[in-house]
Each structure stands twice: as C-alpha cells, then as structure tokens.
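Participant: sequence? don't have it. structure:
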C-alpha cells in the first residue's frame, strides 16, 4: 500500500520530530496549513526556533528544507539533518 504524498510528508516530519525530542528539542507538528511543517525550538532558549518543511527534491526523493527554500538534507540521512538543525538552534553561552 502506497502512502499519499501528504501522508508521506507528515510521516517524515513526525519521525524527525521524534528524533529531535530525543536530542532535547521541543517540537510541534503543525498540520492545518496547506503545507504542514514541524516547529522546532531549543528547549533551553525557546526564542531559538524555526520551521522545517518536507517535500520532494528535484530528483523526486524526499528531503527536509528550511522555509527559505534551502535544503537541510535527505529523509534518509536523519542524523545529519538533526545535527544541522541543532547547529542553527544552538544557544551561545554568555552572548
């Protein structure tokens, strides 16, 4: 049974959210808009937050993207994607 594109997108976002939660981030899957997204925040500094979207790349493979249309990485390389998100949302001590 093949999932519809929206269901596939939501499944990838949910999976990413689960991995990010294990790394100490807070996440919320927002599904109401036409293009669902994952809201991710630094648990220690909630003002450090960003949206992550998921859609097909030009080669039709699924990837995670920043909302400014820059790719984060493939859904098949979730650890690398989580590392990149963590780097963007990292608190800088003493800043």
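Facilitator: Nice, thanks for sending it over. The structure displayed is predicted, hence computed values, not measured ones. Numbering: from 1, shown residues only.
Participant: CA only for contacts and neighbour counts going forward, please
Facilitator: Will do.
Participant: if I look at the closest residue to residue 78 other than its chain neighbours, how far off is residue 79?
Facilitator: In space, and not counting its chain neighbours, residue 78 is closest to residue 16: 7.0 Å by C-alpha to C-alpha, 6 or more residues apart in numbering. Using C-alpha to C-alpha, to the nearest Å, we find residue 16 at a distance of 9 Å from residue 79.
Participant: next: residue 34.
Facilitator: Computed as C-alpha to C-alpha, the residue 34 to residue 79 distance reads 27 Å.
Participant: looking at the two now, which is surrounded by more residues?
Facilitator: residue 79 (15 against 7; other C-alpha atoms under 10 Å).
Participant: element containing the more buried one, please.
Facilitator: helix 78-88 (DSSP states H and E).
Participant: contacts made by that helix with the rest, please.
Facilitator: Applying C-alpha atoms under 8 Å, 6 or more residues apart in numbering, the external contacts of helix 78-88 come out as 16, 19-20, 64, 72-75.
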